[in-house]
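> Compute the structure for the input listed below.
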Amino acid sequence: MKIIVDAMGGDNAPVSNVRGALAAVRELGVEVILVGRGEDILKVLKEDGIDDLPPGLEIVHASEVVEMCDNPATAFREKKDSSLTVGLNLLKGGDGDAFVSAGSTGALLSAATLMVKRVRGIRRAALAPVVPTGAGGAVLIDCGATAECTPEYLLQFAFMGSYYAERVLKRPEPKVGLLNIGAEPSKGTDLQREAHALLTEADKAGRIHFVGNVEAREAVFGQVDVIVSDGYSGNIFLKTMEGTGGFMAKQLKAMFMKNIFTKLAAVLVSGGLKEFKKMMDSGEVGGTALIGISKPVIKAHGSSNDYAIKNAIRQARDFAASGMIDDLVENIDHMRLPAAGQVEKI
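Predicted coordinates for the structure are as follows:
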């Protein structure tokens, strides 16, 4: 398995990206192509006492970097020798099995859609992070790639999230829920009501296991394996979870630091606190899968350290090995509305 890594993307590039790639080669049994400024990559290796390129690690030089200030819709075209553009061209050409970047989300989404292309028949690619829940995590799809959706988009998100949960997370017959303000089919806007009807029909046909609407609190408790949402609501849900987790961690720390007795209590529950911190750490998952693209693409968090980059590479490996993109191709006819005859727009 060969994973292409954007060595220049992210807040800690190229140091964390290079070190994460090295760890992945050593621990995960994968090969990694680091794409970026060769001299900067070699400098990191040199600082770590590595004079010769280790087996399994390859460097492809790219002189430019897509910055966060660049226009995300056009950056990959304007900077044709950027690590993002060169890396995705390698993926498109079959020189690697998956691509990982911690750079601009918008630029990655635009470039992957226009260069690597969506699976034929998929209307929109979706960002699908695995969010922590009481049942060990759930696929949230979409979390921001498409703010305004149609019922057909949500139908496709449900299929894509279900295949990802089953193939990558190893959840047999994953339960799919539609994020809404109530459990009743009549709740929500026209979008949710129409999507609910489509998902119900898909469930009756045995295509997915749709359990109905799910409110945010039930989703967090782990009622479903896949949370289907438009990108606008999904992003609010995700950011609220991140903020709540950070707030709780801060409050717990303050509570345990009040006096000698609370500090002793902290020692007694230190194992549980570490587990809680690990559960809320996005770096443990690695990144967010960009589902609907014809080849596996992972968006790592912009602030990823080397551990998170290693895990993003692991996630990319698992995504590439899962065969879920084949599932999308084989079942695309069940994921489109019968009356859909309109020309696709990018």
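> Residue 7 against residue 17, yeah?
Yes - between residue 7 and residue 17 a contact is recorded at 4.7 Å, counting by CB atoms under 8 Å. C-beta coordinates here come from the backbone N, C-alpha and C atoms, glycine included.
> Check the burial of residue 93 by counting its neighbours.
8 (other CB atoms under 10 Å).
> where does residue 299 fall, phi/psi-wise?
Residue 299 adopts backbone torsions of phi -100, psi 110, taken as degrees, to the nearest 10.
> Let me know the helix or strand that the residue lying closest to it once chain neighbours are set aside is in.
Nearest residue to residue 299 in three dimensions, chain neighbours excluded: residue 288, at 4.7 Å (CB to CB, 6 or more residues apart in numbering). Here residue 288, judged by DSSP states H and E, is contained in strand 287-291.
> Need the mean per-residue confidence for that strand.
Strand 287-291 carries an average pLDDT of 96.
> Can you name every helix or strand that that strand contacts?
Packed against strand 287-291 by the contact rule (3 or more CB pairs under 8 Å, 6 or more residues apart in numbering; DSSP states H and E) you find strand 126-128, helix 151-167, strand 297-300, helix 306-322.
> Including mean pLDDT, could those go into a markdown table?
A markdown table is the format used below for these (pLDDT from 0 to 100):
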| stretch | mean pLDDT |
| --- | --- |
| strand 126-128 | 97 |
| helix 151-167 | 97 |
| strand 297-300 | 97 |
| helix 306-322 | 97 |
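> Which residues outside the strand holding residue 288 are in contact with it?
100, 102, 108-109, 112, 125-129, 141, 143, 145, 160-161, 164, 168, 296-301, 304, 308, 311-312, 315-316, 319, 324 (CB atoms under 8 Å, 6 or more residues apart in numbering).
> Weed out the non-buried ones from those residues.
100, 102, 108-109, 112, 125-129, 141, 143, 145, 160-161, 164, 168, 296-301, 304, 308, 311-312, 315-316, 319, 324 (16 or more other CB atoms under 10 Å).
> Would you map the helices across the stretch 201-346 of the chain?
216-221, 231-256, 260-268, 270-280, 282-285, 306-322, 324-331 (DSSP state H, counting those that start in this stretch).
> most neighbours per residue, which of those?
helix 306-322 (a mean of 23; mean count of other CB atoms under 10 Å).
> Alpha carbons only: can I get that one in PDB?
The C-alpha trace of helix 306-322 is given here as PDB (Å, rounded to 0.1, in the frame of the first residue of the first chain):
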ATOM      1  CA  ASP A 306       3.300  13.700  13.800                       C
ATOM      2  CA  TYR A 307       1.100  11.300  15.700                       C
ATOM      3  CA  ALA A 308      -2.100  12.600  14.000                       C
ATOM      4  CA  ILE A 309      -0.400  12.500  10.600                       C
ATOM      5  CA  LYS A 310       0.600   8.800  11.200                       C
ATOM      6  CA  ASN A 311      -3.000   8.100  12.100                       C
ATOM      7  CA  ALA A 312      -4.300   9.900   9.000                       C
ATOM      8  CA  ILE A 313      -2.000   7.700   6.900                       C
ATOM      9  CA  ARG A 314      -3.400   4.600   8.800                       C
ATOM     10  CA  GLN A 315      -6.900   5.900   8.000                       C
ATOM     11  CA  ALA A 316      -6.000   6.400   4.400                       C
ATOM     12  CA  ARG A 317      -4.600   2.800   4.200                       C
ATOM     13  CA  ASP A 318      -7.800   1.400   5.700                       C
ATOM     14  CA  PHE A 319     -10.000   3.500   3.400                       C
ATOM     15  CA  ALA A 320      -8.100   2.300   0.300                       C
ATOM     16  CA  ALA A 321      -8.200  -1.400   1.400                       C
ATOM     17  CA  SER A 322     -11.900  -1.300   2.300                       C
END
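> For it, name the packing helices and strands.
By 3+ CB pairs under 8 Å, 6+ apart, helix 306-322 packs against strand 2-6, helix 15-28, strand 98-101, helix 151-167, helix 282-285, strand 287-291, strand 297-300.
> Show me what the last one is packed up against.
Counting contacts by 3+ CB pairs under 8 Å, 6+ apart, strand 297-300 packs against strand 98-101, helix 105-111, strand 287-291, helix 306-322.
> Within the sheet, what are the partner strands of it, with directions?
When sheet partners are counted by DSSP bridges, strand 297-300 sits next to strand 98-101 (parallel), strand 287-291 (antiparallel).
> distance between the ends of stretch 50-61?
Start-to-end span of stretch 50-61 (CA to CA, to the nearest Å) is 18 Å.
> Tell me the buried residues in that stretch?
Those would be 56, 57, 58, 59, 60, for stretch 50-61 by 16+ other CB under 10 Å.
> in which helix or strand would I find residue 35?
strand 31-36.
> Dump that strand to PDB, restricted to CA.
This file holds the C-alpha atoms of strand 31-36, laid out as PDB (Å, rounded to 0.1, in the frame of the first residue of the first chain):
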ATOM      1  CA  GLU A  31       5.100   3.000   1.700                       C
ATOM      2  CA  VAL A  32       4.800   6.800   1.700                       C
ATOM      3  CA  ILE A  33       5.400   9.400  -1.000                       C
ATOM      4  CA  LEU A  34       6.200  12.800   0.500                       C
ATOM      5  CA  VAL A  35       5.300  15.600  -1.900                       C
ATOM      6  CA  GLY A  36       6.800  19.000  -1.300                       C
END
